[in-house]
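> Below are the sequence and a predicted model for it; my questions follow.
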Amino acid sequence: MRISEIAALAGVTTRAVRHYHHLGLLPEPARLANGYRQYSVRDAVALARIRRLTELGLGLDEVRDVIADDAGHELIDVLGELDADLARQEAEIRARRARLATLLARARAGRLTTDDELSPELADFFAELGTRETTSPMAAKDRELLALMETAADPEERDRLMAAVRSVAAAPGAAERAHEVYALLDALADADVADPRVDEAARALADCLPPELTAQIAAATTPADQTFLKAFLADFAPAQAEAVRRAMLLVSENPKKSEKGGVAE
């Protein structure tokens, strides 16, 4: 059989066959005197196996490992990992469909808001702190920032963010402290940066920050993150921005916090 014939028999393209040769997945067959490859039925069987394995979801590197392991143990391991990955994807799809069903129901009832588009974890956090009901402009900015961070973060960073969020919600008196900080910052909307209330708001904000976020906030004061930091602070009134900046400095200078959530002495 020529390459076009074996490709048609296995249901792949001639380009795929050449690629498999290049990767070492399919051994090069003997060539005729005219230079054409001459494939056998055994080559077709091997090519069909490569196709079956790729259709199961295996990558070509994994297919190579499977083919190289005559005992079949590699195949068992790879298929097990593939099955676990598919199960995870299936669970994620079910969760997403359930969430979409809730959003559709709220939309059809005319009750859909932007907060409903948040992840369940973040929505629960806002509900526990009572920030969805407050009219505080600073609370609204806080919700927007957290939603941005959650959306833009990679999975690992998102997990750290959600862990920090959960630690805040779990702390005794968290809602009361959060609303106190919002009120202090809201009061600075028209204040001068030299207003003594700036320091008061900065210390209250620093005391509210959870231990899981202190390292990330301290890192935000480094030159590498100045672009985002400037854009972030530009969204606040001057005195509010100064209070947030001072709070971040307090955190960076006092990274270890007491179990009650205050800055350690």
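Everything's here; your move.
> okay, now the domains of the chain?
Using automatic domain parsing, the domain parsing of the chain gives 3-59, 69-112, 113-253.
> Can I get these in CSV including mean pLDDT?
Formatted as CSV, the domains of the chain follow (pLDDT from 0 to 100):
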stretch, mean pLDDT
domain 3-59, 92
domain 69-112, 82
domain 113-253, 80
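> For those, please prepare TSV with the additional fields mean neighbour count.
C-beta here means a position set from N, CA and C on the backbone, and glycine is covered the same way. TSV is the format used below for those (neighbours: other C-beta atoms under 10 Å):
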stretch	mean neighbour count
domain 3-59	15
domain 69-112	11
domain 113-253	16
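> in this protein, which spans are helices?
3-10, 14-23, 41-55, 60-68, 73-108, 120-129, 137-152, 155-170, 174-186, 197-208, 211-219, 226-233, 238-253 (DSSP state H).
> Can you check which of those gets nearest to Ala33?
Between Ala33 and the helices of the chain, the tightest spacing by C-beta to C-beta is seen for helix 3-10, at 16.5 Å.
> before we move on, back to that, now distance to Gly35 too, for the helices of the chain, in a markdown table please.
Output for the helices of the chain, formatted as a markdown table (distance: least, C-beta to C-beta, whole Å):
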| stretch | distance to Gly35 |
| --- | --- |
| helix 3-10 | 12 |
| helix 14-23 | 14 |
| helix 41-55 | 17 |
| helix 60-68 | 27 |
| helix 73-108 | 35 |
| helix 120-129 | 63 |
| helix 137-152 | 55 |
| helix 155-170 | 51 |
| helix 174-186 | 76 |
| helix 197-208 | 76 |
| helix 211-219 | 61 |
| helix 226-233 | 59 |
| helix 238-253 | 69 |
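> And those helices: which comes nearest Ala30?
Proximity to Ala30 (C-beta to C-beta) singles out helix 41-55 among the helices of the chain, at 10.0 Å.
> what's the offset of that closest one from the middle of its chain?
37 Å (C-alpha atoms, centre = their mean, to the nearest Å).
> ok, residues contacting that helix?
The contact list for helix 41-55, computed with C-beta atoms under 8 Å, 6 or more residues apart in numbering, reads 1, 6-7, 9-12, 17, 20, 25-27, 29, 60, 62-63, 66-67.
> Quick one: residues contacting Pro149.
Careful, residue 149 is Met and not Pro. Leu161.
> Grab the nearest non-local neighbour of Thr131.
Ala139 (4.5 Å; C-beta to C-beta, 6 or more residues apart in numbering).
> Would you confirm that Val63 contacts Leu26?
No. Applying C-beta atoms under 8 Å, one finds Val63 not in contact with Leu26, separated by 10.2 Å.
> Can you give me the neighbour number for the closest residue to Leu23 other than its chain neighbours?
In space, and not counting its chain neighbours, Leu23 is closest to Leu60: 5.9 Å by C-beta to C-beta, 6+ apart. Here the number of neighbours of Leu60 (other C-beta atoms under 10 Å) works out to 15.
> ok, now how distant is Leu60 from Pro137?
54 Å (C-beta to C-beta, to the nearest Å).
> ditto for Ala187
Counting by C-beta to C-beta, the gap from Ala187 to Pro137 is 11 Å.
> Hmm, Leu79 is touching Gly57, no?
No. Assessed by C-beta under 8 Å, Leu79 is found out of contact with Gly57, at 9.4 Å.
> Identify the contacts common to those two.
Counting by C-beta under 8 Å, 6+ apart, Leu79 and Gly57 have no shared contacts at all.
> which one of the helices of the chain lies closest to Asn34?
Comparing the helices of the chain by C-beta to C-beta, helix 3-10 comes nearest, at 13.2 Å.
> Counting by contacts, list what that closest one packs against.
Contacts defined by 3 or more C-beta pairs under 8 Å, 6 or more residues apart in numbering; DSSP states H and E place helix 3-10 against helix 14-23, helix 41-55.
> JSON lines please, covering those helices and showing distance to Ala239.
What follows is those, written out as JSON lines (distance: least, C-beta to C-beta, whole Å):
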{"stretch": "helix 14-23", "distance to Ala239": "63"}
{"stretch": "helix 41-55", "distance to Ala239": "61"}
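> Thank you, goodbye.
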